[in-house]
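Student: Structure of the sequence below:
(chains A, B, C and D)
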Protein chains: 4
Amino acid sequence: MKTLGNPTQRLRLGFVGGGLESSIGSTHRYAAHLDGHFELVAGVFARDPARNRAAAEAYGIAADRVYPDFQSMAVAEAAREDGIHAAAIMAPNAVHVPASLAFLDQGIDVISDKPLAASLDEAEHLLERVRKGPALHLLTHNYSGYPLIREARELIASGALGEVRLVQVEHAAGFGTRALEQQGAKALMWRTDPSQAGASSVLADVGVHAHQLLRFVTGQEISQVSAELSTLVPGRISDDNAHVKLRLGNGARGMLWASFVAAGHRHGLQLRVFGEKGSLYWHQEDPERLEVRYQDQPHQILRRGEAWLSESARLSTRIKAGQPEGLLEAFANIYSEAAERIRARREQRAPSAQGMLCPTAEDGLRGMRFIDACVKSDRAEGRWTEVM
Amino acid sequence: MKTLGNPTQRLRLGFVGGGLESSIGSTHRYAAHLDGHFELVAGVFARDPARNRAAAEAYGIAADRVYPDFQSMAVAEAAREDGIHAAAIMAPNAVHVPASLAFLDQGIDVISDKPLAASLDEAEHLLERVRKGPALHLLTHNYSGYPLIREARELIASGALGEVRLVQVEHAAGFGTRALEQQGAKALMWRTDPSQAGASSVLADVGVHAHQLLRFVTGQEISQVSAELSTLVPGRISDDNAHVKLRLGNGARGMLWASFVAAGHRHGLQLRVFGEKGSLYWHQEDPERLEVRYQDQPHQILRRGEAWLSESARLSTRIKAGQPEGLLEAFANIYSEAAERIRARREQRAPSAQGMLCPTAEDGLRGMRFIDACVKSDRAEGRWTEVM
Amino acid sequence: MKTLGNPTQRLRLGFVGGGLESSIGSTHRYAAHLDGHFELVAGVFARDPARNRAAAEAYGIAADRVYPDFQSMAVAEAAREDGIHAAAIMAPNAVHVPASLAFLDQGIDVISDKPLAASLDEAEHLLERVRKGPALHLLTHNYSGYPLIREARELIASGALGEVRLVQVEHAAGFGTRALEQQGAKALMWRTDPSQAGASSVLADVGVHAHQLLRFVTGQEISQVSAELSTLVPGRISDDNAHVKLRLGNGARGMLWASFVAAGHRHGLQLRVFGEKGSLYWHQEDPERLEVRYQDQPHQILRRGEAWLSESARLSTRIKAGQPEGLLEAFANIYSEAAERIRARREQRAPSAQGMLCPTAEDGLRGMRFIDACVKSDRAEGRWTEVM
Amino acid sequence: MKTLGNPTQRLRLGFVGGGLESSIGSTHRYAAHLDGHFELVAGVFARDPARNRAAAEAYGIAADRVYPDFQSMAVAEAAREDGIHAAAIMAPNAVHVPASLAFLDQGIDVISDKPLAASLDEAEHLLERVRKGPALHLLTHNYSGYPLIREARELIASGALGEVRLVQVEHAAGFGTRALEQQGAKALMWRTDPSQAGASSVLADVGVHAHQLLRFVTGQEISQVSAELSTLVPGRISDDNAHVKLRLGNGARGMLWASFVAAGHRHGLQLRVFGEKGSLYWHQEDPERLEVRYQDQPHQILRRGEAWLSESARLSTRIKAGQPEGLLEAFANIYSEAAERIRARREQRAPSAQGMLCPTAEDGLRGMRFIDACVKSDRAEGRWTEVM
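Tutor: Alright, predicted model coming up:
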């Protein structure tokens, strides 16, 4: 079970993005605070100075730690004795890499939202820098934080379902069903602008969640893809739907579906993994339930908090089975594991096994390579294309 | 509401296949009898004479109407004054076309199980014959018979969900998870033998169900496919999994997944159709429930038998909402509609609108063309391939 | 697996009730025909002569076997060499006993719909007669026919869940939400008329289904009740809701809820049984799924047709797991078992174990005693009252 | 949408109970912190001095604000300029009233866990004190905090389902399936000890949750009960199961089931409310879904976060529809509303409508009267008994 840490030992955190109108910003704040590992003390919350100040005031940030841009924030915080331990980046995709570099160069650890970068080149460049250290680059692939996703990972690793043969994964949402970006809807405007979102909007925004979930649970990498990227809403200038056939490292096959235009879906992330003996089913909108479907035995329902779950699932759990946890708790698991990584680096020790579950820039790079291969396959009439 | 017809007016039916060990044969018998439209009076139930006789006796067939082969059956029954009105064919795929031709040539209507044929050539040849008449060729694509599938078709046709943009359909079963055909499991032996099952076992066996459901509900044809056919169980000599990306006639996109190796799935046929305003979800294992997921309204659950369903759904219904119907009733709808078609032909009148819902050889030909295009795309590294 | 029997060996069946407008009549006809054990050859289908003839014609009944009343039918059929083996009674409750007696007295077996009688006195009187033999009195408590209800019974009997401690059972329907009997709705008119339905409409109509399901699955009898019978729809002259606390023979406790006014429920029959180690959950609207909820193990889902189910469940099954069966099939199980009982009596042999699952007048008497005790407890301010 | 408040304006909170081994204590800490309204600064966390200190250290409490008992805490905190605004009480039931009185007498607001008291007398005495003011007494009936429970309340109040006729509510858990209190299981030891838990363990522990949910959603009070309290686990000295028939103020009927011995249930709180036109179904283990079952329309599924929900539901919501919230968020809603009530009192203004949703001692008194009436009815052979 998690416990709220001692606030005197909280890590100091700064934000890039996360203003009052940002829904992902609010999620980051809840997640960072929940277990008591972080305290938000600095930030550049919005480009517009008035909005920046308004957010800072609402969050109780001292006036001298509200910055006009991430560059000045990185320099000033590095110079303070009570400077931030880590910077959390939740700005549009194109900001991820430049901001990450600014903090890494000052020795400040980075907790970045996904996707890692706006292009594969940028991602490769970032990885070169990250590998030099010493600062860490961690990625909030938040859905990896769900306790039953950890249980699924353990079940596959244990061989209980046999070798993985098939994976069907999708993150198909309905929020882009209409071209509201043409009517000024901000969240859709930057998501559907290739100059901000990169070569595939739909893969950068939701596809990488499905991709990471598949990798996290199966332990397999995707080796080849046959993809189609489509624009299904008239007038849209980016793609909004991706259908991808997959070949995995171990010879397994799969399909990944990413969409903005799955009308009627409220969220739409789900995973099915089929091994030789049975399969797993998990849906993010009902995250407290993992269905294990054996071929030659009755199907089972596993629930978060049950006594027979793996240690990895138990360490991701706060309250009892039957009393639901949700996304904030899953996201907070990622933040807690980020805290463990950050502390371990500063204490010059190896992080705990649980800390190692926190996704990193290496995972992000895999996501960018996947996007890149999909774009190439799409342009080559769907032909099978290697993922580097 | 259906009623059991007057047995004095029953149509006389003969079987090709459907012996005592045949599970599909038992389903056909239940379905043909349920509404009282047919009486089983003749047949060739098995190749083995002893098994043929045993089945005939169990079914109460007069000794002079048990035949050694479909050819002699077609000739003899055509010569009798009380000869069969229709022959129902439920033998392995390779028998479908030769048997169909034998009965058509004698003016006897045919009710064939799917797939239409073992190859596209054979199917085209059959269609040439069928189009000459006068006997009918009807196809028991049984899942089209479910009341809520008819409701789904009406909902799409009504425009309630707007233009169709996306279709995700799958028939992914687990019965071939192990290579039991190598241990003498008959049902798997002929299914995984390309000489009996055709160029793609998995598409001929389950893929065409998914294909037909998509067509029946959306009213759209598939124009192009990008397919991969795989053999995921070591030692198997046929394919056992197909992943197919779809382009539909109206520009919509989709995915079709057909499998024998979805371990843990008991049946695995499901359909999701996404329009501009919302989507439909239906699963064959829970067939009394149609989920309608609007983007800008609360989701709705429709159930068979409810007063507000379409006439087409109501005419497919026997008992009240809340008292479950199942596959036998859905299959019996197809048989009842076949009876209407057969009677209309003999009475030289147009069949009812409901009778026109019964799938035909034309539908079967679409299925064979789909399989053919998938095989070609698979051999061409997944490239997009026209469906003729 | 069931098979359609040889029609030359069909038992001859007559109907009392079941005219063209009767929904329960249509269900009985489907159920009696499905497995091929019975042939409907005689009947009095309606009081009104024109309706009686219309039904007979639709069902293909010879003119000389359509009767004006059950008395003449019993006498005439007993006198024929090809007379009926059994009479199925599906008229209003007050007809059940007089019609049953008429056929029993002629040595004709009776298959009666529930409840057994319109009053406890009548029921006791019938039982006296039944116990003298030789003709059988069987009761179509149809929900006992579901395969997973048989599985539930076996699970409890096996001790897998330990001693039964708690039972929560309900049949709470919504069809009487409005007082449509005052606007001429026939099905509600006789149900809410105490002179036809007996002392408690709601218990006679739906409560006894819940009562029988509880008994069938747990093997326990109810020893005491504390009941309230209410009229929740203004203007209604019968009760329409019953809340009953239960004490079972083994000391277990329970609740039974029966209602016509559970607005929004399409059917509403469900059962939960709690033992020392876990519990069962089954809902009639989703009858292919039995949830087994262990306290100290993962929950399991059992489905009809799975290989590990009991023999009793397997013998109640026609088609494969994953291909749904429904109420008609469950009802047909009762008819098939009635056929076994009827044949065994005529062949002077013991019926099979499966045949013994068919409910009888003894079960019906238990239901009538339960109703009687509930009525008494209700009149005594809810005090605990013995069930005789 | 909620936002994390400015920490400089946080209310200062002290705990009575909530040590490191207390699962409810950890839930209170998460809930109090989540929205940033409270800061835990003082407490008596355990009776054992070493455990008290250990908890205080883990929570970062200054040494001079860790107290040996609630009396000294109340006096000392009232004397400090930076003393606590509110005391949260989460000790065993018998401590609730004495601790509440100690803080109220010092003008410190109280946030107490349920039940209000260990006996009705004690509860009446407390209410006398509470009504004199000025300090507030608020009750963390946490399940009232779920957004869809607020939606349900609004739906009933709006008349969308017509007048309420029936309520079926239950909190039936499985944690007491075995008499683990005899093996030293602490959580069961105090729950099943009448001297600590009061006259009915099962009603005090879980029954009052069901009772409050019914009242909160329907707006009706229970006027009469017919109850049975049972001990179903051999050797237990308290009750562990309660079956209660209900009569509501408006003439509606209902059933309440409370249990520790519903083996296999992980939590087991659910509510069904039936009006003239339809019904509601909500289950705490799937709290993001409210099923609205209309009699004469398709059933609807409402989900937290959807645009068409009431203002009351929206104000209880943090993140988007489709991204699950859970119990901690529901509990935090209660704490946020408590904060609004506490601030409004200190600012001498009326609380917001949302703040008025926070349950109070008046609600708690209703719960105690309900328990008292159930105990009396049980002793009177289940006779209908007035709830004062």
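
Student: Quick check: A:F15 is in a strand.
Tutor: Yes: judged by DSSP: H, G, I helix; E, B strand; the rest coil, A:F15 forms part of a strand.

Student: Get me the contact residues on the stretch 101-250 of chain A for chain D.
Tutor: A:A173 (Cβ under 8 Å from any Cβ of the partner chain). C-beta here means a position set from N, CA and C on the backbone, and glycine is covered the same way.

Student: contacting residues for the residue of the stretch 101-250 of chain A found nearest chain D?
Tutor: Nearest residue of the stretch 101-250 of chain A to chain D: A:A173, at 7.5 Å (Cβ to the nearest Cβ). For A:A173, the contact set (Cβ atoms under 8 Å, 6 or more residues apart in numbering or on different chains) comprises A:V206, A:S259, A:F260, A:A262, A:H265, A:R266, A:H267, A:G268, D:G322.

Student: Next, the nearest residue to it once chain neighbours are set aside: phi, psi?
Tutor: Once flanking residues are discounted, A:A173 sits nearest to A:G268: 4.6 Å by Cβ to Cβ, 6 or more residues apart in numbering or on different chains. The phi/psi pair for A:G268 (degrees, to the nearest 10) reads phi 90, psi 20.

Student: Tell me how many other residues crowd A:G268.
Tutor: Residues near A:G268, counting by other Cβ atoms under 10 Å in any protein chain shown, number 24.

Student: so how far is the one helix or strand A:V202 maps to off the chain centroid?
Tutor: Using DSSP states H and E, A:V202 falls within helix A:201-202. Relative to its parent chain, helix A:201-202 has a centroid offset of 15 Å by Cα atoms, centre = their mean, to the nearest Å.

Student: which is the next helix or strand following it?
Tutor: Defined by DSSP H and E, the subsequent element after helix A:201-202 is helix A:208-218.

Student: The residue of the stretch 1-150 of chain A found nearest chain C and chain B: what is the separation?
Tutor: Residue nearest to chain C within the stretch 1-150 of chain A (Cβ to the nearest Cβ): A:L148, separated by 12.1 Å. Applying Cβ to the nearest Cβ, to the nearest Å, the value for A:L148 to chain B is 17 Å.

Student: repeat for A:R383
Tutor: 5 Å.

Student: now swap in A:A263 and tell me
Tutor: 4 Å.

Student: related to what we said a few turns ago, can you name the residues that contact the residue nearest to A:A173?
Tutor: A:E170, A:H171, A:A172, A:A173, A:G174, A:V206, A:S259, A:A262, A:Q284, A:E285, D:G322.

Student: For the first one, which non-adjacent residue is closest in space?
Tutor: It stands for A:E170. A:W257 (4.0 Å).

Student: residues near the nearest residue to A:Q9 once chain neighbours are set aside, how many?
Tutor: Among residues not flanking A:Q9 along the chain, D:G60 sits closest, at 7.8 Å (Cβ to Cβ, 6+ apart). Residues lying near D:G60 (other Cβ under 10 Å) number 17.

Student: Return the distance of D:G60 relative to A:R10.
Tutor: The spacing between D:G60 and A:R10, counted by Cβ to Cβ, to the nearest Å, is 9 Å.

Student: Next, show the common contact partners of those two.
Tutor: Counting by Cβ under 8 Å, 6+ apart, nothing touches both D:G60 and A:R10.

Student: Which residue is it, in the stretch 51-200 of chain A, that comes closest to chain D?
Tutor: A:G60 (4.0 Å).

Student: what ranges do the strands span in chain A?
Tutor: A:11-16, A:38-44, A:86-89, A:109-112, A:137-139, A:164-172, A:222-230, A:241-248, A:253-259, A:269-275, A:278-283, A:289-294, A:299-303, A:385-386 (DSSP state E).

Student: export these to CSV and tack on distance to C:P134, mean neighbour count and mean pLDDT?
Tutor: Converted to CSV, the strands of chain A look like this (distance: least, Cβ to Cβ, whole Å; neighbours: other Cβ atoms under 10 Å in any protein chain shown; pLDDT from 0 to 100):
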stretch, distance to C:P134, mean neighbour count, mean pLDDT
strand A:11-16, 87, 25, 98
strand A:38-44, 84, 24, 96
strand A:86-89, 85, 26, 98
strand A:109-112, 84, 26, 98
strand A:137-139, 81, 26, 98
strand A:164-172, 61, 27, 98
strand A:222-230, 73, 24, 98
strand A:241-248, 69, 25, 98
strand A:253-259, 65, 27, 98
strand A:269-275, 58, 25, 98
strand A:278-283, 53, 23, 98
strand A:289-294, 50, 21, 98
strand A:299-303, 48, 20, 98
strand A:385-386, 80, 17, 98
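
Student: Would you convert those strands into JSON lines that also reports distance to B:S352?
Tutor: Shown next, in JSON lines, are the strands of chain A (distance: least, Cβ to Cβ, whole Å):
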{"stretch": "strand A:11-16", "distance to B:S352": "67"}
{"stretch": "strand A:38-44", "distance to B:S352": "69"}
{"stretch": "strand A:86-89", "distance to B:S352": "65"}
{"stretch": "strand A:109-112", "distance to B:S352": "63"}
{"stretch": "strand A:137-139", "distance to B:S352": "61"}
{"stretch": "strand A:164-172", "distance to B:S352": "39"}
{"stretch": "strand A:222-230", "distance to B:S352": "40"}
{"stretch": "strand A:241-248", "distance to B:S352": "39"}
{"stretch": "strand A:253-259", "distance to B:S352": "39"}
{"stretch": "strand A:269-275", "distance to B:S352": "41"}
{"stretch": "strand A:278-283", "distance to B:S352": "41"}
{"stretch": "strand A:289-294", "distance to B:S352": "41"}
{"stretch": "strand A:299-303", "distance to B:S352": "42"}
{"stretch": "strand A:385-386", "distance to B:S352": "51"}
